[in-house]
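Participant: Take this sequence and fold it.
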Amino acid sequence: MIEPGQPELALLKIAKVTALGVRQADEDRFSADSIELGGVEVAITYTDRTKVKATYKIPQITARNFTGPTRAANSAPLSGSLIDMYRFALLQYATVSASSIMAPTITVNVDAGTGKAGNGDFVYSGLVIQNINRGKVETAKTDRITYTLDLTQPSKPAKMTGELSGVAAYDFDASAVAVALDPQQSGDDSFHRIYRRLSADSYTVTAAPGVRVQTDSIIVDDIAIRPSKFRLAEIMALVPADHAILTPAQSRDSMVKIADFLEGLQIGKIEIGKQSVETPQGTARLRAVRYDQTEFALEGLDAPTPQGQLRVERFALKSFKMVDLIRWAAGLANPGQPPSPDQMLGLFRVLEGAEIKGVISPYKNTRQLFTIDRISLNWGQLVGSIPSKANLVVKMVTPTDPANPALQPLIHGGCGQACDRPRSRCGLDGILGSLRARAGHHRSRQPRPGAGELGARQGAARPLHHDRSPGGDGSVGADRDRCDRAVLARPRRCRSGRGPVRARSECQP
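Facilitator: Numbering: from 1, shown residues only. Predicted coordinates for the structure are as follows:
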């Protein structure tokens, strides 16, 4: 039995040790062809803000071609900090080498207290770590990880179960983590890579009755940390004792500290494969989630709604910055004081644009569909909080509702009567073009067969062209003129007629 200075903090038990081919090159280090440990048990207790005990049980550990020190590496004395314990273990890990370390089964029990959320059991099966060399690990793979967590809330018992298969980690650097956790390295402002890749073949979670989440694959590349910002102790200190509710001031302070912490974490790329969420209301599916330094994107959404099925081919945020979003939200979290216009415009600093494509959605409780071919918005550099330029592209089709007061100006202008056939289409585009047209820069063009749109690009404006469907009555030219007059008279309120509206706009102020 080996215990540090505080028995309540950590406990290590090893029932059996068998070593073959042992040799000692000097008094500080030894080697062995193989080492087998049996009946290993490690218990770690965290007592800083709330008491949590984790107990690891490993029936068998086998190491091949092992080389390590004869005594623990020289390090700072252990304190009551869980982070100190973790750093101490990493420092010992950085002194050993082995061709492989295998553990067929590892069980972990987490005890957060009777009746409290956080209690759980984890089981790791088929753990294999290969090519360990002084803190650097080439690969670590686990066939399967299963867990059960207690999510109990007051008078609401609940459990969550999960299973990951084919979990793998590549090029882990324990020394980089130890540096980040060392208080003496708090001034280090450089990034240290800790993983080249983390991956899992599949992930399944079952939560509330009838709710099941299935993910086909997960890949995370190039994970790095910056010691000057990656202050794990500060984040752990944010956990309220006995789950107390934070005050607004404490919430703002927590958000700022989380943003600082995330500035110390860098991820090169994330790719999540096919996902499905099963609920009693139906199954939602998503083809992929992608993240890199340039964009965050969701692809292939197919989800049920009370009105029908919603489909989105792609939704993307350009140059999305989670840290800036958290800081922006923290700045707005001031009860009793409404945010200033400059604070609201700060959202432009969070990202540099957005795009949505291929949307098909039911329109209210009708059988008609609302569709978006493409909406794209991006902007240039900021002057203060205001973008220096903006580019907007819109191409969409939407049914119209005569009962909507916002549509009455267009309907009164004649577009409602002109667009009353199910296959009739009114095109609406270029609010800026309409404004320029009123200023005397209107330029008429002949409509193309079957096309109807109002466009604006670099000062040129095209009138609204209306194309009646076959079998419609009335004069096409007269209908188009009425639509043009309605748009030019009310450019900001003219949105649609009764039939579908196709809008396309490209604006650059």
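Participant: now the lengthiest helix in the chain: how far from the chain's centre is it?
Facilitator: Assignment by DSSP state H gives helix 248-263 as the longest helix of the chain. Helix 248-263 has its C-alpha centroid displaced from the chain centroid by 18 Å (Cα atoms, centre = their mean, to the nearest Å).
Participant: quick one: buried residues of it?
Facilitator: 252, 254-255, 257-262 (16 or more other Cβ atoms under 10 Å). For every residue, glycine as well, the C-beta is placed using N, CA and C.
Participant: Beyond it, next helix or strand please.
Facilitator: strand 265-272 (DSSP states H and E).
Participant: right, and the helix or strand after that next one?
Facilitator: strand 275-279.
Participant: Remind me what that following strand packs against, helices and strands.
Facilitator: strand 212-215, strand 282-292 (3 or more Cβ pairs under 8 Å, 6 or more residues apart in numbering; DSSP states H and E).
Participant: Contacts for the first one next, please.
Facilitator: Contacts with strand 212-215, where a contact means Cβ atoms under 8 Å, 6 or more residues apart in numbering, come from 202-207, 272-278.
Participant: Distance to residue 26, mean pLDDT and mean neighbour count added to the helices and strands packed on strand 275-279, as TSV?
Facilitator: Listed next are the helices and strands packed on strand 275-279 as TSV, based on distance: least, Cβ to Cβ, whole Å; pLDDT from 0 to 100; neighbours: other Cβ atoms under 10 Å:
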stretch	distance to residue 26	mean pLDDT	mean neighbour count
strand 212-215	50	95	17
strand 282-292	48	95	16
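Participant: circling back: just flag the most distant two among the buried residues of helix 248-263.
Facilitator: Comparing every pair within the buried residues of helix 248-263 by Cβ to Cβ identifies 252 and 262 as the most remote, at 15.9 Å.
Participant: now the helices for the protein?
Facilitator: 82-93, 174-181, 232-236, 248-263, 322-332, 341-345, 408-412, 415-418, 431-436, 476-489.
Participant: What angle do strand 282-292 and the fifth one make with each other?
Facilitator: Per axes from the mean of the first three to the mean of the last three Cα atoms, to 10 degrees, the angle that helix 322-332 makes with strand 282-292 is 110 degrees.
Participant: Can you check what angle separates helix 322-332 from helix 248-263?
Facilitator: Using the same axes, to 10 degrees: helix 322-332 against helix 248-263 is 170 degrees.
Participant: List the buried residues of helix 322-332.
Facilitator: Quick answer for helix 322-332 (16+ other Cβ under 10 Å): 323-330.
Participant: Go ahead and produce PDB holding the CA coordinates of that helix.
Facilitator: The C-alpha trace of helix 322-332 is given here as PDB (Å, rounded to 0.1, in the frame of the first residue of the first chain):
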ATOM      1  CA  MET A 322     -16.900  31.200 -29.400                       C
ATOM      2  CA  VAL A 323     -14.700  33.200 -27.100                       C
ATOM      3  CA  ASP A 324     -16.000  36.500 -28.500                       C
ATOM      4  CA  LEU A 325     -19.600  35.200 -28.300                       C
ATOM      5  CA  ILE A 326     -19.200  34.400 -24.600                       C
ATOM      6  CA  ARG A 327     -17.600  37.800 -23.900                       C
ATOM      7  CA  TRP A 328     -20.400  39.600 -25.800                       C
ATOM      8  CA  ALA A 329     -23.100  37.700 -23.900                       C
ATOM      9  CA  ALA A 330     -21.300  38.500 -20.600                       C
ATOM     10  CA  GLY A 331     -21.400  42.200 -21.500                       C
ATOM     11  CA  LEU A 332     -25.200  42.000 -22.000                       C
END
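Participant: could you check the angle strand 265-272 makes with that helix?
Facilitator: Counting by the same axes, to 10 degrees, helix 322-332 lies at 110 degrees to strand 265-272.
Participant: Quick check: mean pLDDT of helix 322-332?
Facilitator: The average pLDDT for helix 322-332 rounds to 87.
Participant: contact partners of that helix?
Facilitator: So helix 322-332 is contacted by 252, 255-256, 258-259, 262-263, 339, 343, 346-347, 349-350 (Cβ under 8 Å, 6+ apart).
Participant: from these, which two are the most distant?
Facilitator: Between all members of these, the farthest pair (by Cβ to Cβ) comes out as 263 and 339, at 23.2 Å.
Participant: what stretches of the chain score poorly on pLDDT?
Facilitator: 1-9, 47-49, 73-80, 153-157, 240-244, 335, 400-401, 404, 406-509 (pLDDT under 70).
Participant: if we can go back for a sec, okay if I get the helices and strands packed on strand 275-279 as TSV plus distance to residue 396?
Facilitator: Formatted as TSV, the helices and strands packed on strand 275-279 follow (distance: least, Cβ to Cβ, whole Å):
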stretch	distance to residue 396
strand 212-215	31
strand 282-292	22
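Participant: which one of those strands lies closest to residue 183?
Facilitator: strand 282-292 (31.5 Å).
Participant: Okay, now the sheet partners of the closest one, with direction.
Facilitator: If you go by DSSP bridges, strand 282-292 pairs up with strand 265-272 (antiparallel), strand 275-279 (antiparallel), strand 295-305 (antiparallel).
Participant: ok now the longest one, how far from the chain's centre?
Facilitator: To tie it back to what came earlier, the one meant is strand 295-305. 13 Å.
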